[in-house]
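Need coordinates for the following:
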Amino acid sequence: MAELPKRKNVCLMIVNEVLIKDYSQEKEEPTPSEAPFSPPPPTHHDRMSAAMDLKATLEKHCACRVEMRRNLTVKEMKIAVDVFVNEITANAGDIDNVWLVLSSHGDWEMFLKRDGSPWYQADVICGTDDTLPVFSLTKPLVKTGKPCVIVVQAGRGNEIAEIKLDKEEGCITPGEETTTICGSEGMRKRCENTWPELDAHFNNQILLYSSLPGKAASDGRPLLPALKEVLETVDLCTTDVESLFAKTCQKVKDNDGEKQEFLHDHLVTPVYYNKLWFKIHLQ
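Numbering: from 1, shown residues only. Purely as a prediction, here's the structure:
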């Protein structure tokens, strides 16, 4: 019997190495005795290295066509996703599964609903100029009509700041900011608190998300390397994506802060949220 062709996967990978503050740093006009001030923005090469390794693995082991975009603004990220979705819908017969991989800094913020009703919680990811809710990038994928596999490496922070404002000056009062440390289990609860937001539009999608401590210099680790290793070691013909994500989560936990110095002895909390209509395989 002739070997069946591999499933056709397409992937958009967005990797932001440059921090928002790198673009917003300002300096007063230099005096004539000073040299022009134009330092290069610091980048995080480990994040790109991990993303490039995952890209190569997707291309080699998953017959996946990967488009990588780097250092995008919020607007550019939205446009990249919209263009990606339009290309898929125009070539729907040639595509089986859709991947979206996001790697950047992130946070967990409160937003006021447009109708003025109480605030809601959302995970945000950083562009080079601002932040935006992660779901604003994942929601358009529903239009493809394809099973969507989403991987997000964006720290969510392990601190919740309670800030008191000066009523007269309208600014933060020095010395009156308190911080609550949110442990690994707390981050999981915070992540799960955002699932209702995903439920509003998640159809036939599965999301793998890593919750990194706010002070951990993760630079794109350890989620992407863990996923890469799992993709290389399992039989993709018999292992469905949900099992892949479960194995990846376990691998991340096995390589927690007790073994990796860069995590500063904090635990990583990888979680996944599944609304796939049926089990999907990559080959």
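
CA only for contacts and neighbour counts going forward, please
Noted.

how about low-confidence regions in the stretch 51-200 of the chain?
Of all residues in the stretch 51-200 of the chain, those with pLDDT under 70 make up the ranges 108-121, 155-197.

And the helices in it?
For the stretch 51-200 of the chain, the helices defined by DSSP state H, counting those that start in this stretch occupy 74-90, 135-138, 184-193, 195-199.

if we look at the longest one, which residues are touching it?
Contacts of helix 74-90 from elsewhere in the structure, counted by C-alpha atoms under 8 Å, 6 or more residues apart in numbering, are 12, 14, 95, 126-132, 136-137, 140-141, 143-145.

out of those residues, which are inside strands?
Secondary-structure check on the contacts of helix 74-90 using DSSP state E: residues within strands are 12, 14, 126, 131, 132.

I'd say the first one and residue 100 touch.
Read that as residue 12. Yes - with contact taken as C-alpha atoms under 8 Å, residue 12 and residue 100 are classed as touching, separated by 5.0 Å.

list the helices and strands the helix or strand encompassing residue 207 packs on?
Residue 207 is located in strand 205-211, with elements delineated by DSSP states H and E. Contact partners of strand 205-211 among helices and strands, from 3 or more C-alpha pairs under 8 Å, 6 or more residues apart in numbering; DSSP states H and E: strand 148-153, helix 184-193, strand 269-274.

So in that sheet, which strands flank that strand, and in what orientation?
Its sheet considered, strand 205-211 pairs with strand 148-153 (parallel), strand 269-274 (antiparallel) by DSSP bridges.

counting contacts, what elements does the following helix or strand past it pack onto?
Of the helices and strands lying after strand 205-211 in sequence (DSSP H and E), the nearest is helix 223-233. The contact analysis (3+ C-alpha pairs under 8 Å, 6+ apart) places helix 223-233 against helix 45-61, helix 241-254.

Residues touching helix 223-233, excluding its own?
Here helix 223-233 makes contact (C-alpha under 8 Å, 6+ apart) with 50-51, 53-54, 57-58, 61, 153, 210, 244-245, 247-248, 251-252, 270.

Return the set of buried residues in that helix.
With burial defined by 16 or more other C-alpha atoms under 10 Å, the residues of helix 223-233 counted as buried are 223, 224, 225, 226, 227, 228, 229, 230, 231.

Dump the residues you listed into JSON lines; add distance to residue 274 and pLDDT as well.
Below are the buried residues of helix 223-233 laid out as JSON lines (distance: C-alpha to C-alpha, whole Å; pLDDT from 0 to 100):
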{"residue": "223", "distance to residue 274": "17", "pLDDT": "85"}
{"residue": "224", "distance to residue 274": "19", "pLDDT": "90"}
{"residue": "225", "distance to residue 274": "21", "pLDDT": "89"}
{"residue": "226", "distance to residue 274": "19", "pLDDT": "90"}
{"residue": "227", "distance to residue 274": "17", "pLDDT": "93"}
{"residue": "228", "distance to residue 274": "20", "pLDDT": "94"}
{"residue": "229", "distance to residue 274": "21", "pLDDT": "93"}
{"residue": "230", "distance to residue 274": "18", "pLDDT": "94"}
{"residue": "231", "distance to residue 274": "18", "pLDDT": "95"}
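
for those, which one is nearest residue 18?
Proximity of the buried residues of helix 223-233 to residue 18 was ranked by C-alpha to C-alpha; the top entry is residue 224 with 18.1 Å.

quick one: that closest one from residue 133, how far?
Relative to residue 133, residue 224 is positioned 21 Å away (C-alpha to C-alpha, to the nearest Å).

next one: residue 10
Relative to residue 133, residue 10 is positioned 23 Å away (C-alpha to C-alpha).

Among those two, which residue is more densely surrounded?
Taking other C-alpha atoms under 10 Å, residue 10 and residue 133 do not tie; residue 10 has more neighbours (24 against 19).

Helix, strand, or coil at the more buried one?
Under the three-state scheme (DSSP: H, G, I helix; E, B strand; the rest coil), residue 10 adopts strand.

So in terms of bridging, what pairs with it?
Checking residue 10 by DSSP bridges, which sets the bridge assignment, gives partners residue 65, residue 98.

which residues does it contact?
Applying C-alpha under 8 Å, 6+ apart, we find residue 10 in contact with 64, 65, 66, 95, 97, 98, 99.
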